[in-house]
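Visitor: fold the following, please.
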Amino acid sequence: MNRSQIKLVLLLILMALCMAAVSGCLYSKVRYPLDQDVDQTRLGEKVGTSSLYSVAWLVSWGDAGTAMAAKNGDIRIINHLDAEYFILLGGLYARYTTIAYGD
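Guide: Predicted structure coming up:
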């Protein structure tokens, strides 16, 4: 390969990495509500979370259920729920978290 072809290949690799980073393939952290009437929601005094983890698309563990989030936050009445995805390297490492708010 001559010098101009090497530069072109390096430029294409750099562009591919930038596009992957912008699209969320390398890193993504998204939180969103699980309620539909969020404008009328009162969160409450307590917060509890529960998570499910995954590594290398092969192994997963944890409990991201609503009941576990409420138990971890000592919540008796759930007023609102959020969910959060945290993904690295296209899912090589991933965490899904349920967040419960209440009293």
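Visitor: and what about the residue lying closest to Gly91 once chain neighbours are set aside, helix, strand or coil?
Guide: Spatial nearest neighbour of Gly91, excluding adjacent residues (CB to CB, 6 or more residues apart in numbering): Trp57 at 6.1 Å. C-beta: built from backbone N, CA, C; applies to glycine. At Trp57 the chain is in coil, as set by DSSP: H, G, I helix; E, B strand; the rest coil.
Visitor: for the chain, what spans make up the helices?
Guide: 3-23, 66-72 (DSSP state H).
Visitor: circling back: in this structure the residue nearest to Gly91 contacts Leu92, no?
Guide: Yes: judged on CB atoms under 8 Å, Trp57 makes contact with Leu92 at a distance of 7.5 Å.
Visitor: sorry, back to before: give me the pLDDT value at the residue nearest to Gly91.
Guide: We have a pLDDT of 87 for Trp57.
Visitor: quick one, phi psi at it?
Guide: Here is the backbone geometry of Trp57 (degrees, to the nearest 10): phi 60, psi 10.
Visitor: number the chain from 673, please
Guide: Got it, the first residue is 673 from now on, which makes the last one we talked about Trp729.
Visitor: what about it, neighbour count?
Guide: Residue crowding around Trp729 was assessed by other CB atoms under 10 Å; the count is 11.
Visitor: what of Thr713?
Guide: Neighbours of Thr713 (other CB under 10 Å): 14.
Visitor: next one: it from Gly763, what distance?
Guide: 31 Å (CB to CB, to the nearest Å).
Visitor: report the contact partners of Cys697.
Guide: By CB atoms under 8 Å, 6 or more residues apart in numbering, Cys697 lies in contact with 761-762.
Visitor: tell me who's in contact with the most centrally placed residue in the chain.
Guide: Geometric centre of the chain, nearest residue: Tyr757, 1.4 Å, by CA atoms, centre = their mean. Residues in contact with Tyr757 (CB under 8 Å, 6+ apart) are 700-703, 766-768.
Visitor: show me those residues that map onto strands.
Guide: Residues of the contacts of Tyr757 located in strands (DSSP state E): 700-703, 766-768.
Visitor: circling back: ranking the contacts of Tyr757 by neighbours, who comes first?
Guide: Result: Ala766 is most packed of the contacts of Tyr757 (other CB under 10 Å), 19 neighbours.
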